[in-house]
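**Student:** mind looking at a prediction? Sequence and model below.
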Amino acid sequence: MSAPVRSFPTIDTGGGIMRRVLSESPEIMLVEVSFPAGAVGEEHSHPHVQSTLVKSGRFEFTVAGESFTVGPGDAFVIPAGAAHGCRALGEPGVLIDTFAPRRDDFL
């Protein structure tokens with residue numbers, strides 16, 4: 001038996017960045033985040049472990065004070081509580097973020 005498919009709205013988070021929850025349960029959440037070229041995901045932190053996969057585009061990330069550039073197919077983990085932010089480099093891009101546990105503030 002499969003779980004029912006639930007549809008979530010696309011949310012404008014500001015600066016042209018759009019977020020859509022793809023799936024969720026109390027233990028885990030999958031989210032798609034679309035960035036226009038040059039958009040900045042402001043530095044922030046949260047108590048969730050985050051795993052990010054770059055679906056398209058190139059991004060400069062800063063995690064816990066260390067900067068790095070990622071592109072399509074790259075993936076990495078952001079530890080719970082680590083300050084992090086990103087910038088889309090020169091083209092639109094899409095990130096797929098997984099959070100554990102679920103980010104209830106996204107629902």
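**Tutor:** Structure received. Residues are numbered from 1 along each chain as shown.
**Student:** just the strands in the protein please.
**Tutor:** Ranges of strands within the chain are 10-14, 17-25, 28-35, 40-44, 49-56, 59-63, 66-70, 75-78, 84-88, 93-100, based on DSSP state E.
**Student:** where does the chain have low pLDDT?
**Tutor:** Low-confidence segments of the chain (pLDDT under 70): 1-3.
**Student:** grab the most central residue of it for me.
**Tutor:** Asp97 (3.9 Å; C-alpha atoms, centre = their mean).
**Student:** and the spatially closest residue to it that is not a sequence neighbour, bridged to which residues?
**Tutor:** In this structure, Asp97 finds its nearest non-sequential neighbour in Val31, 4.6 Å apart by C-beta to C-beta, 6 or more residues apart in numbering. Where you see a C-beta, it was placed from the backbone N, CA and C, and this is true even at glycine. Beta bridges link Val31 to Val21, Asp97, judged by DSSP bridges.
**Student:** next up, the contacts around Val31.
**Tutor:** Arg19, Arg20, Val21, Leu22, Ile96, Asp97, Thr98, Phe99, Arg103, Phe106 (C-beta atoms under 8 Å, 6 or more residues apart in numbering).
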